[in-house]
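> Okay, here's the prediction I keep looking at, along with the sequence it came from:
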Amino acid sequence: MSHYLVLCSILFCLGTFGVLYRRNILVMFMSIELMLNAVNLLLVYFSVLHKDHSGQVFVFFIMAVAAAEITIGLAILVMIFRHIGSINIDSLKKLKW
C-alpha cells in the first residue's frame, strides 16, 4: 500500500516544484497535468483497494475533462506566442490593459 502512496506523493511534489519554480507556461501546464495524474493514480489505487470500480470510472471522466482543458490551454498559449513572441510567464505582463 505504501508504495503507491510514495509514488503519488513524489509525482505530486514534482508537479508542485514545476509550477512554483519554472517560468515557462508550457512546463507549468505539464506540471499541473502531472499533479492531476498523481491524484488520478491514487484514486484508482484506492478504488482497487476497496473493490469499488466507480473510482476508475470517475478517473476516465477526469481525464476527458483534462484533455479538453489542455486543448483550450494550448490554443491560448499559441495565441499568446503569436502575439508576444515568448511563452515566459514574465512576458505576460504585456497583456495588461
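Arrived safely.

> going forward, measure contacts between C-alpha atoms and count neighbours the same way
OK.

> where does this structure dip in pLDDT?
Applying pLDDT under 70 to the chain flags the ranges 1, 96-97.

> center of this protein - which residue?
E33 (1.6 Å; Cα atoms, centre = their mean).

> Show me what the one helix or strand that one maps to is packed against.
Assessed by DSSP states H and E, E33 sits inside helix 25-49. For helix 25-49, the elements it packs on are helix 2-21, helix 54-84, judged by 3 or more Cα pairs under 8 Å, 6 or more residues apart in numbering; DSSP states H and E.

> tell me what the shortest one is packed against?
If I follow you right, that is helix 2-21. Helix 2-21 packs on helix 25-49, going by 3+ Cα pairs under 8 Å, 6+ apart.

> Report the inter-axis angle for the helix it packs on versus helix 54-84.
Computed by axes from the mean of the first three to the mean of the last three Cα atoms, to 10 degrees, the angle separating helix 25-49 from helix 54-84 equals 180 degrees.

> what does stretch 56-68 contact?
With contact meaning Cα atoms under 8 Å, 6 or more residues apart in numbering, stretch 56-68 is reached by E33, N40, L43, V44, S47.

> Against S2, how distant is the last one?
For S47, the distance to S2 under the criterion Cα to Cα, to the nearest Å works out to 15 Å.

> who has more neighbours, those two?
The residue with more neighbours, out of S47 and S2, is S47; 17 against 7, by other Cα atoms under 10 Å.
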